[in-house]
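Peer 1: need coordinates for the following:
(one chain, ligands or ions: 2)
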Amino acid sequence: MNRYQIPQARRGQVIGLLGGSFDPAHEGHVHITRAALKRFGLDAVWWLVTPANPLKDRGPAPMDMRLKRARDVMDHPRVTVTDIETYTGTRYTAATLDALRALYPDVTFVWLMGADNLAQFHHWQDWRGIMATTPVGVIARPGARGAARNSVAAQTYAHAKLPARASRLLGRHGVPSWCFINVAMSDASSTRIRDAGEWPRA
Ligand SMILES: Nc1ncnc2c1ncn2[C@@H]1O[C@H](COP(=O)(O)OP(=O)(O)OP(=O)(O)O)[C@@H](O)[C@H]1O
Ligand SMILES: O=C(O)c1ccc[n+]([C@@H]2O[C@H](COP(=O)([O-])O)[C@@H](O)[C@H]2O)c1
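Peer 2: Ligands and ions are numbered 1, 2, ... in the order given. Purely as a prediction, here's the structure:
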């Protein structure tokens, strides 16, 4: 297994980061990644397979297993699956973003998340710092639209919301900025796969 894979990037690229437990990766992740590449005008997307979500009590399956599954389901020339957060030693997204900007000073990073995560976003460490430094692309998820729209983050940064028709400008627009895109939704979830006994619980 290729551990500590450090992805390549070229000067001036706009790269989307989809952080997740990927416990396991599934069709929903693939679907939003393809949508994000297109709708946010990204040059590439990196899947950041996190060592552990700081807000979850339960530890995920071993990293090697999650990386392998992620690489099996996501096969696209512009998508890289990486455990770079293990390499940077960062657990919180704000710290990960700082570390990545130091490693890739000529790249613009866009943070990607499903609508369910926007509803929780104000509980993340230094979430205002993330908004101040990083454009955020939010992708619709079944059952999460209302909670996302009414979330503390959406309300606080209403002034910084790009209309969906301008989504391709997200990475070049300056900060703070965020954009919500409605896409044909997938109801796939890791919880459902674990509940069906198709993936081990750690
Ligand atoms: N079906 C989906 N539609 C939209 N966004 C999704 C979907 N599945 C996952 N995401 C987003 O992908 C990112 C990583 O998700 P994660 O790995 O936690 O998968 P999950 O299915 O949400 O897992 P779990 O059920 O264990 O919470 C998050 O930003 C999440 O919102
Ligand atoms: O930085 C935080 O406080 C924080 C809190 C919760 C989740 N995150 C990140 O959000 C991403 C999605 O996590 P998850 O477990 O919902 O897939 C993943 O990259 C986590 O590290 C980050």
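Peer 1: which residues of the protein lie near ligand 2?
Peer 2: Residues of the chain lying close to ligand 2 by CB under 6 Å from any ligand atom are 19-21, 48, 50, 53-56, 92-94, 117, 124-125. Quick note: C-beta positions are derived from backbone N, CA and C, even for glycine.
Peer 1: in helices, which of the residues you listed fall?
Peer 2: 93-94, 117 (DSSP state H).
Peer 1: can you point out the buried residues in the lengthiest helix in the chain?
Peer 2: As assigned by DSSP H, the longest helix anywhere in the chain is helix 27-39. The neighbour-count check on helix 27-39 (16 or more other CB atoms under 10 Å) flags 28-37, 39 as buried.
Peer 1: cool, and stretch 107-126?
Peer 2: Under 16+ other CB under 10 Å, the buried positions of stretch 107-126 are 107-121, 124.
Peer 1: quick one: which of the residues of the chain next to ligand 2 sit in strands?
Peer 2: 19-20, 48 (DSSP state E).
Peer 1: next, count neighbours for residue 146.
Peer 2: 10 (other CB atoms under 10 Å).
Peer 1: what's near enough to touch it?
Peer 2: Not one residue lies near residue 146 by CB atoms under 8 Å, 6 or more residues apart in numbering.
Peer 1: check residue 167 too.
Peer 2: So residue 167 contacts 39-41, 137, 179, 181 (CB under 8 Å, 6+ apart).
Peer 1: what lies in contact with stretch 22-33?
Peer 2: 16, 18, 20, 45, 47, 49-50, 60-61, 65-66, 69-70, 72-74, 76, 79, 112, 114, 139, 141, 183-184, 186-190, 193-194, 199, 202.
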